[in-house]
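Q: Build me a model:
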Amino acid sequence: MFTGLIEATGRIERLEPRAHGRALRCTTRVDLGLAPGDSIAVNGVCLTVIAGDERGFDVEVSPETLRVTTLGELPVARVVNLERPVRADARMGGHFVLGHVDAVGRLAALRDEGDYHWMDIEFPPPLAPYLIEKGSVALDGISLTVASLEIARFGVQIVPFTWEHTALRALRVGDGVNLEGDVIGKYVARLHAVGVEPAAARKGLS
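A: Numbers count the residues shown, from 1 in each chain. You can find the predicted model right below:
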């Protein structure tokens, strides 16, 4: 479980093909204290650390993860967002982020508004039920608020601090981004899809 509040940025130092997946080495200036078996979110994708040191860490990326996220597109030297799992006694500053990407979107437009930045993101139709205006969405692992919502596009406003301390500055129009909808919205959508009213669901669980 993550919060969508990025702890550090890293840089992909090495990508090595495996039989089907890839091994990825990421370096960072922040010692995250990672050990084998720990979880780490890389651009919003929850991965398992296989080796870690004060300079960075190594992870393996499965074929399925390469298919459904942007990790298969990222080149060596690309800057990425990093977050360790939230502790049980920590404050929840963003929203509940699982690190399980729902879809890959595309940066459709980027414009400055003074010190702020506006991003329009195109998303595939299956993600639509999980998005509401003023609701939460994770974009490359960053907890953001949906500021505008259309049929196949939503907009987010990026504050200066987030712009300076995440990998968003590396994005260019047309780039892919990992998207994860709010998990609460997913459960509501699922209940609606199977025809179960929330009250009836609560009764069944009592």
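Q: Can you pull the poorly scored residue ranges out of the protein?
A: 196-206 (pLDDT under 70).
Q: quick check: domain ranges of it?
A: Using automatic domain parsing, the domain parsing of the chain gives 8-83, 103-191.
Q: Of all the ones you listed, which one is nearest Arg91?
A: Among the domains of the chain, the nearest to Arg91 by C-beta to C-beta is domain 103-191 (13.0 Å). C-beta here means a position set from N, CA and C on the backbone, and glycine is covered the same way.
Q: End to end on that closest one, go ahead and measure it.
A: Its first and final residues considered, domain 103-191 spans 20 Å by C-alpha to C-alpha, to the nearest Å.
Q: ok, so what distance separates Leu139 from Leu32?
A: 21 Å (C-beta to C-beta, to the nearest Å).
Q: Of those two, which one has the most company?
A: Shown here are Leu139 and Leu32; by other C-beta atoms under 10 Å, Leu139 has more neighbours (26 against 20).
Q: quick revisit: can you redo the domains of the chain as CSV with distance to Phe96?
A: Listed next are these as CSV, based on distance: least, C-beta to C-beta, whole Å:
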stretch, distance to Phe96
domain 8-83, 13
domain 103-191, 5
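Q: Spell out, range by range, the helices that occur in the chain.
A: 63-68, 160-165, 183-193, 198-205 (DSSP state H).
Q: Give me the contact list for the second one.
A: With C-beta atoms under 8 Å, 6 or more residues apart in numbering as the contact definition, helix 160-165 has outside contacts at 6, 9, 115-117, 142, 168-169.
Q: returning to that earlier point: out of the helices of the chain, the one nearest Glu83 is which?
A: helix 160-165 (11.8 Å).
Q: Sort out which residues of the closest one are buried, please.
A: The neighbour-count check on helix 160-165 (16 or more other C-beta atoms under 10 Å) flags 162, 165 as buried.
Q: ok, back up a step: nearest to Lys186 among the contacts of helix 160-165?
A: Comparing the contacts of helix 160-165 against Lys186 with C-beta to C-beta places Ile142 closest, at 18.6 Å.
Q: so that closest one bridges to which residues?
A: As for beta bridges, Ile142 partners with Leu139 under DSSP bridges.
Q: Touching, it and Leu168? I think so.
A: Yes. At 7.1 Å, Ile142 counts as touching Leu168 under the criterion of C-beta atoms under 8 Å.
Q: how near is Ala35 to Gly185?
A: From Ala35 to Gly185 the distance is 34 Å (C-beta to C-beta).
Q: Looking at the two, which is more packed in?
A: Relative neighbour count places Gly185 above the other of Ala35 and Gly185, with 16 against 11, counting by other C-beta under 10 Å.
Q: my read: that one touches Ala128, true?
A: No. Using C-beta under 8 Å, Gly185 is not in contact with Ala128; the gap is 10.7 Å.
Q: what are the ranges of the strands in the protein?
A: Along the chain, counting by DSSP state E, strands occupy 8-17, 22-28, 39-42, 45-53, 56-61, 79-83, 103-113, 116-122, 136-139, 142-145, 148-149, 153-158, 176-181.
Q: Columns distance to Ala90 on top of the ones you listed, output as JSON lines?
A: Shown next, in JSON lines, are the strands of the chain (distance: least, C-beta to C-beta, whole Å):
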{"stretch": "strand 8-17", "distance to Ala90": "16"}
{"stretch": "strand 22-28", "distance to Ala90": "20"}
{"stretch": "strand 39-42", "distance to Ala90": "15"}
{"stretch": "strand 45-53", "distance to Ala90": "17"}
{"stretch": "strand 56-61", "distance to Ala90": "21"}
{"stretch": "strand 79-83", "distance to Ala90": "12"}
{"stretch": "strand 103-113", "distance to Ala90": "28"}
{"stretch": "strand 116-122", "distance to Ala90": "28"}
{"stretch": "strand 136-139", "distance to Ala90": "17"}
{"stretch": "strand 142-145", "distance to Ala90": "14"}
{"stretch": "strand 148-149", "distance to Ala90": "30"}
{"stretch": "strand 153-158", "distance to Ala90": "24"}
{"stretch": "strand 176-181", "distance to Ala90": "19"}
